[in-house]
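Q: Just to be clear, the model below is a prediction. Sequence and coordinates:
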Amino acid sequence: MNSSHQTFAEKASRLATEAAVRATPEPLAKRVRGFSDRAIAWLFIAPTIALLLAINIFPLFWAIYLSFTNYRANRPNAEVRNIGLSNYSRILNDPDIWASMQTTAHFVFWTILLQTVIGFGLAYLIDRKFRGHAFWTTLILIPMMLSPAVVGNFWRFLYEPQIGLFAYAVSFLTGIPTSDIQMLGSVQLAPWAIVIVDTWMWTPYVMLICLAGLRSIPDYIYEAAEVDRASPWRQFWSITVPMALPFIMLAVLFRGIENFKMFDMVNLLTGGGPGSTTEVASIALKRDAFEAWATGRSSAFAIVLFVAVFGLANIYVKALNRVKQR
Amino acid sequence: MLKKWVPLFGAAAVCAAVAMPQAAKAEQLTLCWAAWDPANALVELSKDFTAKTGTTMKFEFVPWTSYADRFLNELNSKGKLCDLIIGDSQWIGGAAENGHYVKLNDFFAKEGIKMDDFVPATVVGYSEWPKNTPNYWALPAMGDVVGWTYRKDWFERPELQKEFKAKYGWDLAAPKTYDQLKQIGEFFQKRQIDGKTVYGASIYTERGSEGITMGVTNVLYDWGFMYDNPKKPYEMEGYVNSPDAVKGLEFYKALYDCCTPPGASNVYMVESADAFKSGQVAMQMNFAFTWPGLYKDEKVGGKRIGFFPNPKEKYHFAQLGGQGISVVSYSDKRDTALQYIKWFAQPDVQAKWWKLGGFSCLKAVVDAPDFKTSQPYAPAFLESMAIVKDFWAEPSYAELLQAMQKRVHDYVIANKGTAKEALDELVVDWTEIFKDDGKI
């Protein structure tokens, strides 16, 4: 009895084990003959890695190599010589390049300042519940959904001194004749014309990020502050701003990187003119690379820009992390 | 039933067998050019080539603003997109030295195509590299030159003529000198005509590609601007920035400041033609290719429009435009492409080319007795083509052009520095470019 009982138990256990083995899926490696799991994993990510290497990493290293040469893309038969750091020295000592960097800095500073202030203000207003809230949010978001090429083109018409609505509106409000309102043709006004368009287009984006930040602040903090009789002004500066700050900083980072490499809108609105007044770094780089065909020199310029943006972004991200940890 | 279909299948098979070799023979050529009115005329003209040879034509037309970028990229990357290309006159040096174009000397000799049959300025401008040597890389295809159009109907109004005469002491008519041109510009600036504010003149001011350079050189030549010392090539000091050249540049700025419509700080061919077509300006600087279109325009064309060549100052020149047609050396269909050039060079084809709106460079067409009366703009075109001068056609022309665009735009439009400083800086830029090229 004992023995037969044991035999039955063993049999049941064996059957259960076999059933479990049958139910357990066979390792993929056994099914794909000759490949280990690790190999299959590599197989899956290999196309992505190959693509990244081909379109991101290789061009970067190729550009670094070219930046030390006299290579010109329009002279395919000319001898390519290594000229050491001479392209870098030329770039860093070229007053026109520094002028374009200054123009870029002016553009980045003012657009970020305006977009952050207005974007946060809009987010603060939109965060409150009111009638038509969804409609107004959608309406505000429309500019950022448009293509920069479209925006550039229609603002060019809006700025037109003779037929443009912008000139008409300014003339109506100030009494200045429309023919004197040359937003794109005036050295003083052209940089601001671009700042206005970029702010119009991208403020909604900053607003959206700030709105996410405001919505992430728990209500109980405000309730506790109210219990402590903190004024709305005090609540704003002691709760709202510090808690939304990482989001605001993130928006500033995104817009900063984007505007540092701004090309399309400036190209469409002014083409870098009048003169070189709005020639931001990306326009200067394009001219050097694809109009003057100084491929080696423009590669050096691109590397300098890359290092500058990468370095600034790194410092900024560290500051952002510090704010988040507080 | 099947029996009924057998003869039909048989006939179809025979037809297919006969047609197959023809289909295999039929080739397609791709011709690359700018997207503009003459290109449409060429499409029309090329139908005759297809009818004659069976070779179908495909056209790759790119707007002027990206024409150089697009096709120079294509040539530099040894692309096979274009079998034939109508490349800008200034590309000839680079295209010849870098092996982009097929050298045509042997082909011309074999086919009996003589360069003496073409207007000399167009042969030098569009075909030769090095300049003034018998090395041909293109067949002159589209003659073009910067000239002027004016509102003849406004000029002929008695009340305006009377007022103008009283003010300036000479009859209001197409100007012969730059002083006259400026006076007319000032006279019309902000004038009310038919209840609309009009302006003096539209001139080239575009920054992005080559616009302001084409406009400025067009005027500077007449003052005495030269690219270099005729006796010592690439010596530019005292030629590019000579006192006369400085005066010329100052005049261009004065003309921009006094007489152009508001917001005209980025104007090239299309914008200038638009300003004229919309009745905004009394005069317009533009390449001759725009003239047929403007003459046909319902609002400003016909009897309302007049044409005149560049006014005269110390000298009398005009900026050359236009292009030659070349065979791309990377094409797999070079022989067929050469056949197209052979066909295009024929006098009857060239005559039709002019009729359709292209500007033929063949002497047989432009020297024909009825040429001057064939179109109202023909005399101005002929007179202008006789005084042409072109920008550098060196392999580094793009860099030379970019430097000039920057320097003159900075001075004329952005009020930066003086004319002397702009031209001095241009000499420095150009010297550096030629030093890099090993030419100095």
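A: Nice, thanks for sending it over.

Q: B:N310 touches B:A174, doesn't it?
A: No. Checked against Cβ atoms under 8 Å, the pair B:N310 and B:A174 is beyond contact range at 11.2 Å. No exception for glycine: its C-beta is placed from N, CA and C like everyone else's.

Q: Quick check: neighbours shared by those two?
A: Both B:N310 and B:A174 are in contact with B:W148, where contact means Cβ atoms under 8 Å, 6 or more residues apart in numbering or on different chains.

Q: The two - which one has more neighbours?
A: Neighbours were counted for B:N310 and for B:A174 using other Cβ atoms under 10 Å in any protein chain shown; B:N310 has more, 26 against 19.

Q: May I have the phi/psi pair for the nearest residue to the more buried one once chain neighbours are set aside?
A: Closest residue in space to B:N310, ignoring its immediate chain neighbours: B:A318 at 4.3 Å, by Cβ to Cβ, 6 or more residues apart in numbering or on different chains. Backbone geometry at B:A318, expressed as degrees, to the nearest 10, gives phi -150, psi 150.

Q: A:P218 now?
A: The phi/psi pair for A:P218 (degrees, to the nearest 10) reads phi -60, psi 140.

Q: Give me the local confidence score for it.
A: Looking at A:P218, its pLDDT is 93.

Q: quick one: contacts for it?
A: No residues are in contact with A:P218 under the rule Cβ under 8 Å, 6+ apart.

Q: returning to that earlier point: does the residue nearest to B:N310 touch B:F381 like I think?
A: No. At 10.4 Å, B:A318 does not count as touching B:F381 under the criterion of Cβ under 8 Å.

Q: which neighbours do those two share?
A: With Cβ under 8 Å, 6+ apart as the test, B:A318 and B:F381 both reach B:145, B:147.

Q: now B:G224: how far from chain A?
A: Between B:G224 and chain A the distance is 25 Å, computed by Cβ to the nearest Cβ, to the nearest Å.

Q: Need the nearest residue in space to the residue of the stretch 51-200 of chain A found nearest chain B, chain neighbours excluded.
A: Closest to chain B within the stretch 51-200 of chain A is A:G185: 3.4 Å, counting by Cβ to the nearest Cβ. In space, and not counting its chain neighbours, A:G185 is closest to B:S265: 3.4 Å by Cβ to Cβ, 6+ apart.

Q: mind listing the strands for the stretch 1-150 of chain B?
A: Ranges of strands in the stretch 1-150 of chain B, per DSSP state E, counting those that start in this stretch, are B:28-34, B:56-62, B:84-88, B:139-142, B:146-151.

Q: List the buried residues of the first one.
A: Put plainly, it is strand B:28-34. For strand B:28-34, burial by neighbour count (16 or more other Cβ atoms under 10 Å in any protein chain shown) applies to B:29-34.

Q: is it true that B:T30 touches B:F61?
A: No. Using Cβ under 8 Å, B:T30 makes no contact with B:F61, being 10.9 Å away.

Q: Any regions of the stretch 1-150 of chain B where pLDDT drops low?
A: Low-confidence segments of the stretch 1-150 of chain B (pLDDT under 70): B:1-26.

Q: can you do 80?
A: Scanning the stretch 1-150 of chain B for pLDDT under 80 picks out B:1-26, B:65.

Q: the helices in it, which residues?
A: For the stretch 1-150 of chain B, the helices defined by DSSP state H, counting those that start in this stretch occupy B:2-25, B:37-53, B:64-76, B:92-97, B:105-111, B:120-122.

Q: Now B:G200: which helix or strand?
A: Assigned by DSSP states H and E, B:G200 belongs to strand B:196-202.

Q: Would you mind listing the buried residues in that strand?
A: Buried, per 16+ other Cβ under 10 Å, within strand B:196-202: B:198-202.

Q: possible to save those residues as TSV with distance to B:D48 and pLDDT?
A: Output for the buried residues of strand B:196-202, formatted as TSV (distance: Cβ to Cβ, whole Å; pLDDT from 0 to 100):
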residue	distance to B:D48	pLDDT
B:V198	43	96
B:Y199	43	97
B:G200	44	97
B:A201	40	98
B:S202	36	98
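
Q: Show me which of these is closest to chain A.
A: For the buried residues of strand B:196-202, the nearest to chain A is B:Y199 (9.2 Å; Cβ to the nearest Cβ).

Q: what's near enough to touch the closest one?
A: Residues in contact with B:Y199, defined by Cβ under 8 Å, 6+ apart, are B:188-190, B:259-262, B:275, B:280-282.

Q: hmm, which of these are the buried ones?
A: Buried among the contacts of B:Y199 by 16+ other Cβ under 10 Å: B:188-189, B:259-262, B:275, B:280-282.

Q: Keep only those of these that are in strands.
A: Using DSSP state E, the members of those that fall within strands are B:281-282.

Q: Leaving out sequence neighbours, find the closest residue to the residue of the stretch 301-440 of chain B found nearest chain A.
A: Here the stretch 301-440 of chain B gets closest to chain A at one residue, B:A414, 2.6 Å apart by Cβ to the nearest Cβ. Leaving aside its sequence neighbours, B:A414 sits nearest to A:G275 (Cβ to Cβ, 6+ apart; 2.6 Å).

Q: do the same with B:Y204
A: Distance criterion Cβ to Cβ, 6+ apart; nearest residue to B:Y204, sequence neighbours excluded, is B:G215 at 2.9 Å.

Q: With A:Y88 instead?
A: Closest residue to A:Y88 apart from its sequence neighbours, by Cβ to Cβ, 6+ apart: A:A300 at 5.0 Å.

Q: correct me, but the one you found touches A:I91?
A: Yes. Between A:A300 and A:I91 there is a contact under Cβ under 8 Å: 5.3 Å.

Q: Looking at these two, which is more packed in?
A: Set A:A300 next to A:I91 and count neighbours by other Cβ under 10 Å: A:A300 wins out with 26 against 21.
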